[in-house]
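*Asks:* turn this into a model:
(2 chains)
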Amino acid sequence: MPGSTIVEDIELIIEDIGGGGGKNPPPGGDDGDEGGKRRGPHVPSSRRYATAIVIAIVSIVMFFMAMASAFIYTRANSNRWVPLHLPWFIWVNTAILLLSSVTMELSRQRLALADVRKFRQLWFAATALGVLFLIGQLVAWRQFVLAGFYVSTNQASSFFYIFTGLHGLHLLGGICALLYVSFRRFEKAKVSRSVAAEVASYYWHFMDGLWIFLLALLYLGK
Amino acid sequence: MVTYDSSGSAAPEAPRSGFLARTLFNTGHKVIGLRYLWLALGSVLLGMLLSLLMRIHLVWPGAQIPFLSGFGSTPERYAALTMFHGSLMVFLVLTTAPQAGFGNYFLPLQIGAREMAFPALNLFSFWATVASLVGMTAAFFVHPNAGFTLWSASVALFCLAALLTALNFTVTTLDLRAKGMTLPRMPLTAWAWFINAILSLLIFSILLAACVFLLSDRLLGSQFFSSLTFLSRLPPPLAQSTLLSLWQRLFWFFAQAEVYVAMLPCFGIVSHLLSIFSRRPVWAERAAVLALCGVGLFGFCVWGQHMFSSGLNPWSPLVFSLLASSLGLPACVLLFSWFGTLWNAKIHLNTAMLFALGFVSLFLAGGVSGLFLARNDLATASVSDEFVTGHFHLVMGVAATFAILGALFFWFPKMFARRLDETLGKFHFWLTFAGVYCVFMPMHWLGLMVHSRIPGGDLPAAVPPGASLRTFVTFATILTVAAQALFLLNFVWSLWRGEKTEDRNPWRAATLEWSVPSPPPTDNFGACDPMVYRGAYEFSASGVATDFAPQNVAPPPLERASQWKQAAEASAKES
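*Replies:* Residues are numbered from 1 along each chain as shown, chains lettered A, B, ... in the order given. Have a look, this model is predicted:
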């Protein structure tokens, strides 16, 4: 099923490009393999959700890359750069977020074994760890403020707040998605539980990787 | 067997009741596409009036126009006027009409889908676009300082809407194509919308990031573009130009590619129209598709071209100059494809075709002056003067508008089951075509004149160079804007009283949208899903009544082999 959706997507595209050109024999009705995936909206295919999340991730990467390039540019050209001392609590948060990703993978393994009850527990634990991370970020902000760094203090602190803030905002969206998977009744839904969990997990792991990237940027570029 | 029963007896969906669901919250892709077009029409009229006001104040600064003179009388108001004109035209007309407007309406129809991938998201994008229009308009009327904050927020909202629309387009094209609609069989319009959606996904995120920085600077007091940042190390004149260097980088990264966001769907539309009205397949269709991809790719890389005047590493102008010039390559491929299609063809010169040909002419004329600007030594001299203004209005603004008008004349029978009047349309075309050349060609000369003046030369200082030329441009603008009344008249009259088209395929085009009744039913294809058997441009040169093969008609199995043999013989004969 959609376990290897992206690879399938790419394969399909390549196959499309290489395959039936305008003058080639028409496929008739014999493309049974694709037929299952391409249905009208009366029986909506769930493939679109996986595709959409991958494309959305590309777009979000561009968004944060623009910000990262602004950071690097300012760091290289500014003469008023004040080095940044990251609040120590941020390292605790990082551990929490990584743990959340691991928990999520464990829970999806349970789902693959059709153990819905255990899946729910672990999934809920992953969500709770995500919420904990957000609270932890607020604690880190508090530490930073107590150390005398506000948004407007210097360039480095501006970047610190905007990076953590925007990442937190994106993560909040992820938490909403996780809660949706926890509480949605999938008996009558258009998507199956495993697809919803998979799509949410792509985003969640991406948030994880994005955080590591931003942290590395702030730490190495301080 | 692939006849679409449109009687509605087998329609699976009952029409949803509820006034709100049918009006404000209607998620149908055709409804939303049409609304985007109305939005763009309103914006283009407003933007044109603003440009008229600008031209009048430029030539007769003391002119007192009743009600309107307050809008352009002081430098701040004039700057606000320019900004409002630019925002309306770039965001709400050039970005919205060809992609979100025609794209929303016709992409699902052309690829054989019944709806966009995420209809609710589509609805949200539309209302976010409306909100951003309202915000930009309000920003024009309030105090400049608050106005700029409001403008940044509106642009950020527009970026979000554009991103979601692009996401919707990409997923729809990848996952919702009908059976047999392989990528090479997609019409060039669908290709252009698809590539454009991917480009939009990449660049609107960058503008969104820039807007977030800007808003954070203005509202939270952060220091991303703060005036203190770069000043102290540099000598004052250099500091002035480096001051906003970061903003310029982020902005031009977006804005240069935005030109191609406006142009890509127009390329697709023009290739489509040229092929249909010369009754020939698109010449070198694969190359044209690759060229569309190339425009997207190169267009993404030439942002540095705008930084020639604001200080860069000495080597980078060379790189960007090369990149900018290399855009000529895909542009040439597209031009060759268009001329190859037209070569020796029996051209049907109706209004839609005239506008497509007008696009080719304007694109060529504007592209030639673009070659001057791609050179780093010349561009330094001519930045932000009338040469640049003339160049980008001709190639981006007017050419794209011609493609939009061509598309409107082409698809009007499908959207409203009536035709636009051809006689009025041709009058409108010729007046506009002559008008825009009279407006924008002298601007090129003006730009060159200003820079070719010898320093300390003997031109009298009291009369600015080219004053009479400027007056000429203003008169031409007034006439061109007045000519648009013909279009409005034609549009409104044809909506209610235009010649009815009973035929569902009046242009004898091969793509899927012409296989359904006009206007298309809510679920597009009736009871059974469409099936695609061939490419989108199978026109024979013979000129008989059935000189085209619709994409959805299956060749009879026994005749297939003989057809191929005939086709092979025909192509052998041609060569």
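
*Asks:* I'd assumed B:L188 was in contact with B:A536.
*Replies:* Yes. Contact status for B:A536 versus B:L188: in contact at 7.4 Å, counting by CB atoms under 8 Å. Just so you know, the C-beta spots here come from the backbone N, C-alpha and C atoms, and that holds for glycine as well.

*Asks:* tell me which of those two has more neighbours.
*Replies:* The residue with more neighbours, out of B:A536 and B:L188, is B:A536; 28 against 24, by other CB atoms under 10 Å in any protein chain shown.

*Asks:* I'd like the next helix or strand past the helix or strand of chain A with the lowest mean pLDDT.
*Replies:* The helix or strand of chain A with the lowest confidence, counting by mean pLDDT, DSSP states H and E, is helix A:32-35 at a mean of 36. Next helix or strand after helix A:32-35 toward the C-terminus (DSSP states H and E): helix A:47-77.

*Asks:* do any residues in that next one lie close to chain B?
*Replies:* Yes. Counting by CB under 8 Å from any CB of the partner chain, chain B is contacted by helix A:47-77 at A:47-48, A:51-52, A:55-56, A:58-60, A:62-64, A:66-67, A:69-70, A:73-74, A:77.

*Asks:* just the buried subset of those, written out for PyMOL, thanks.
*Replies:* The following PyMOL line selects those of the residues of helix A:47-77 next to chain B that are buried, judged by 16 or more other CB atoms under 10 Å in any protein chain shown:
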select buried, chain A and resi 47+48+51+52+55+56+59+60+62+63+64+66+67+69+70+74
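
*Asks:* can you pull the buried residues of the host helix or strand of A:L166?
*Replies:* According to DSSP H and E, A:L166 maps onto helix A:155-183. The neighbour-count check on helix A:155-183 (16+ other CB under 10 Å) flags A:155-168, A:170-171, A:174-175, A:177-179, A:181 as buried.

*Asks:* cool, and stretch A:202-211?
*Replies:* In stretch A:202-211, counting by 16+ other CB under 10 Å, buried: A:202-208, A:210-211.

*Asks:* can I see the domain layout of chain A?
*Replies:* For chain A, automatic domain parsing gives the domain ranges A:1-45, A:49-220.

*Asks:* among the ones you listed, which is the most enclosed?
*Replies:* Neighbour counts (mean count of other CB atoms under 10 Å in any protein chain shown) averaged over each of the domains of chain A peak at domain A:49-220, with a mean of 18.

*Asks:* give me the average confidence score over that one.
*Replies:* Domain A:49-220 shows an average pLDDT of 92 in the prediction.

*Asks:* what about it, start to end distance?
*Replies:* Start-to-end span of domain A:49-220 (CA to CA, to the nearest Å) is 36 Å.

*Asks:* what's the neighbour count on B:T74?
*Replies:* 10.

*Asks:* need the contact list for residue 61.
*Replies:* Using chain A here. For A:V61, the contact set (CB atoms under 8 Å, 6 or more residues apart in numbering or on different chains) comprises A:L210.

*Asks:* got the buried residues for the helix or strand hosting B:G47?
*Replies:* Secondary structure from DSSP H and E places B:G47 in helix B:29-59. Counting neighbours by 16+ other CB under 10 Å, one finds that the buried residues in helix B:29-59 are B:29-37, B:39-41, B:43-44, B:46-48, B:50-57, B:59.

*Asks:* what of stretch B:484-493?
*Replies:* Buried residues in stretch B:484-493 (16+ other CB under 10 Å): B:484, B:486-487, B:490-491.

*Asks:* and of those residues, the nearest to A:F119?
*Replies:* Checking these against A:F119 with CB to CB, the nearest one is B:F491 at 57.5 Å.

*Asks:* phi first, then psi, for the closest residue to that closest one other than its chain neighbours.
*Replies:* Leaving aside its sequence neighbours, B:F491 sits nearest to B:L420 (CB to CB, 6 or more residues apart in numbering or on different chains; 7.0 Å). Main-chain torsions, B:L420, degrees, to the nearest 10: phi -80, psi 150.

*Asks:* same question, B:K500
*Replies:* Residue torsions, per degrees, to the nearest 10, at B:K500 are phi -70, psi 140.

*Asks:* wait, it sits on B:R418?
*Replies:* Yes. Counting by CB under 8 Å, B:K500 touches B:R418, with 5.7 Å between them.

*Asks:* does any bit of stretch B:152-161 sit next to chain A?
*Replies:* No. If you take CB under 8 Å from any CB as the test, stretch B:152-161 misses chain A, and the best it gets is 9.5 Å.

*Asks:* need the residues that contact that stretch.
*Replies:* For stretch B:152-161, the surrounding residues in contact (CB under 8 Å, 6+ apart) are B:87, B:91, B:124-126, B:128-129, B:131-136, B:139, B:204-205, B:207-208, B:211-212, B:214-215, B:218.

*Asks:* of those, which belong to helices?
*Replies:* Of the positions in the contacts of stretch B:152-161, B:87, B:124-126, B:128-129, B:131-136, B:139, B:204-205, B:207-208, B:211-212, B:214-215, B:218 sit in helices, assigned by DSSP state H.

*Asks:* quick check on those residues: which are buried?
*Replies:* Buried subset of those (neighbour count, 16+ other CB under 10 Å): B:87, B:124-126, B:128-129, B:132-133, B:135-136, B:139, B:204-205, B:207-208, B:211-212, B:214-215, B:218.
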